[in-house]
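K.L.:
would you be able to build a 3D model of this:
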Amino acid sequence: MLIKGDDPGTALLLAAAPANKSRLVDAASVLPGLAAVAPAVLAGTAAATVVELADPVDPQTVLTRIRAVAAAPGPLFLYVAGQLHLDGKQHQVHLALARTTPASLRYTALPWAWLAHELQVRAPGTTTVLVDLVCDPTAWERGAQDGLALGPGVLLYGRVAPAPRRQVATPDYLKTYAEVWRGGARPSLAELHAYAADRAGHDNARYLALDGTPSGGGAAPVQAPPVAGAAPVPGAAPVPVQAPAVPAVQSDPHPAILAAAQAGRHGEAASMAAVWESEAMRTYGPGSLEAVHWLEVRADLARLALEPARSCELWMAAAQARLARHQSTDDTDVQAAVDRAHHQWEQLRDPDRARSLGPALVTLRRQVAGRRRGALEAVQRRIEQLEAVPAAGR
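P.N.:
Residues are numbered from 1 along each chain as shown. I've put the predicted structure just below:
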């Protein structure tokens, strides 16, 4: 996603939701993942600045920050997670902030029109906005999700969904971006949008890919590459997008990937594997054996890169994918995936990270005993030891 040019880029991470019973989404939960991505990746430039706003309380403060980053000459990427409401008088779309309540919406939330207005000072083609938003029931019923275009020259990708019942939503669409980038892959935004849409799910959600080109007074959607099961972009008009870097001759890619990893070029190896995984998902489907194979390749590459947490996560994902295909818990490949996840988990020296991955591993071990006797008990025993560490330190 690297953009050529001399000016440094800017990335603004904005996650906002009411800190009261009006909260519909845990917007701030996306920030740790995005903040762990290199600034150059977030902004698409060799040099970049990142500005983070977590649950801001004052719309004027948010406007000031947006105005400041909009004035920067280089490429600008805005990442916005939160919830949308319509005010009762003018029926304008607002992004809720920490102090927003239904009664105070017009005074405590950020009007979407303010954001659109500030971005219009920028040169066309230099601004990209990525959103993961939840609408309150009134906003969804009245079509707030259709009024998010930000004007000519502003590229907009994202998910807008109705609020789930009886639970707080999570910004899984943007979390997938962070996950892919942290894994070393660098697909085009159109490809990543399609992949994130498929991962986030499609129950009543609207997926946006708008290139900001005037078309009947609106914005022409960008046609994202097809992903099995992905929700189509309504009214999409095809435009050229970058194709995945898959060799024209389908020779075996494994030797080149392994050579890159053994030479210490771990990011390059992970990127190549991610491209082939993306191709497998498009060709055979996300749950296919071909796609699972490349997930397992990425897991082993993380092991070679000395990233045991990432390797553990990927091996667990591979095991879960095989189980979802109704492979037996006695299947050799299923057992191998769980055993490798377990081994990588044991290599973790960060107690917090090990604790966070422990419950998922226990769940898998209860399904798949594996070839090691007492493996489940070993995981549970270590979790108990990890839980005792903070108490011993107090």
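
K.L.:
where exactly do the helices run in the stretch 101-250 of the chain?
P.N.:
105-108, 112-119, 137-141, 172-182, 189-200 (DSSP state H, counting those that start in this stretch).

K.L.:
so which of these comes closest to residue 12?
P.N.:
Nearest of those to residue 12, taken as C-beta to C-beta: helix 112-119 at 10.4 Å. All C-beta atoms are positioned from the backbone trio N, CA, C, and that covers glycine.

K.L.:
which residues are contacting that closest one?
P.N.:
59, 63, 66-67, 70, 76, 78, 84, 92-95, 127, 129, 147-151, 154 (C-beta atoms under 8 Å, 6 or more residues apart in numbering).

K.L.:
ok, the nearest residue to residue 262 once chain neighbours are set aside to residue 273 distance?
P.N.:
Excluding its sequence neighbours, the residue lying closest to residue 262 (C-beta to C-beta, 6 or more residues apart in numbering) is residue 304, at 7.5 Å. Separation of residue 304 from residue 273 (C-beta to C-beta, to the nearest Å): 11 Å.

K.L.:
pLDDT wise, what is the residue nearest to residue 262 at?
P.N.:
Here, the pLDDT recorded for residue 304 equals 92.

K.L.:
which residues touch it?
P.N.:
Residue 304 touches 261, 262, 266, 269, counting by C-beta under 8 Å, 6+ apart.

K.L.:
now the first one: closest residue in space, sequence neighbours ignored.
P.N.:
Computed as C-beta to C-beta, 6+ apart, the closest residue to residue 261 that is not its neighbour in sequence is residue 269, at 4.0 Å.

K.L.:
residues of the helix or strand hosting residue 293 that come out buried?
P.N.:
Assigned by DSSP states H and E, residue 293 belongs to helix 289-304. Within helix 289-304, the residues scored as buried using 16 or more other C-beta atoms under 10 Å are 291, 292, 294, 295, 296, 297, 298, 299, 300, 301, 302, 303.

K.L.:
name the residues that touch the next helix-or-strand element following it?
P.N.:
The first helix or strand that comes after helix 289-304 along the chain, using DSSP H and E, is helix 308-324. Applying C-beta under 8 Å, 6+ apart, the external contacts of helix 308-324 come out as 182-183, 287, 291-292, 295-296, 298-300, 302-303, 329, 331, 333-334, 337-338, 340-341, 344-345, 347-348, 350, 353, 357, 360-361, 364, 367-368.

K.L.:
what residues are up against the residue lying closest to residue 185 once chain neighbours are set aside?
P.N.:
Distances taken as C-beta to C-beta, 6+ apart put residue 274 closest to residue 185, at 3.1 Å, once the chain neighbours are dropped. Shown in contact with residue 274 (C-beta under 8 Å, 6+ apart): 180, 183, 184, 185, 187, 294, 298.

K.L.:
give me the neighbour count for the fourth one.
P.N.:
So that's residue 185. Using other C-beta atoms under 10 Å, the number of residues around residue 185 comes to 21.

K.L.:
residues contacting it?
P.N.:
270, 271, 273, 274, 275, 278.
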